[in-house]
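**Q** below is the sequence, then the predicted model.
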Amino acid sequence: MVQIYTWAYQDWKTIDEDGLKQLVGLRQGITTDEFKTITGDDYSSTATPATPTA
């Protein structure tokens, strides 16, 4: 699976870094180490903490 994501990101340009971030930790996704292998960048979550509503 990692090879497909590598091609999609590096060669085909059909997925961007944000798209890959959404796959980190998913059952059929990638790990943070695989993210770094594909992009060359360390993984950092783009999620912001939820704020409680009154």
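**A** Structure's in. What do you need? Residues are numbered from 1 along each chain as shown.
**Q** can I assume Thr6 sits in a strand?
**A** No. When classified by DSSP: H, G, I helix; E, B strand; the rest coil, Thr6 is found to be helix rather than part of a strand.
**Q** report how many residues lie close to it.
**A** The tally of other residues near Thr6 (other C-beta atoms under 10 Å) stands at 17. Bear in mind the C-beta positions are built from the backbone N, C-alpha and C, glycine included.
**Q** what sits against it?
**A** With contacts taken as C-beta atoms under 8 Å, 6 or more residues apart in numbering, Thr6 has the following neighbours: 37-38.
**Q** how does it look with 10 Å?
**A** 12, 20, 30, 34, 37-39 (C-beta atoms under 10 Å, 6 or more residues apart in numbering).
**Q** please flag which of those sit within strands.
**A** Applying DSSP state E to these, no entry is found in strands.
**Q** buried subset of these?
**A** Burial by neighbour count, judged by 16 or more other C-beta atoms under 10 Å, picks out 20, 30, 34, 38-39 from these.
**Q** narrow these to those in helices?
**A** With helices taken from DSSP state H, the overlap with the buried ones among the contacts of Thr6 comprises 20, 34, 38-39.
**Q** now distance to Gln3 and pLDDT too, for the buried ones among the contacts of Thr6, in TSV please.
**A** Listed next are the buried ones among the contacts of Thr6 as TSV, based on distance: C-beta to C-beta, whole Å; pLDDT from 0 to 100:
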residue	distance to Gln3	pLDDT
Leu20	14	95
Ile30	11	95
Glu34	10	96
Ile38	10	96
Thr39	14	95
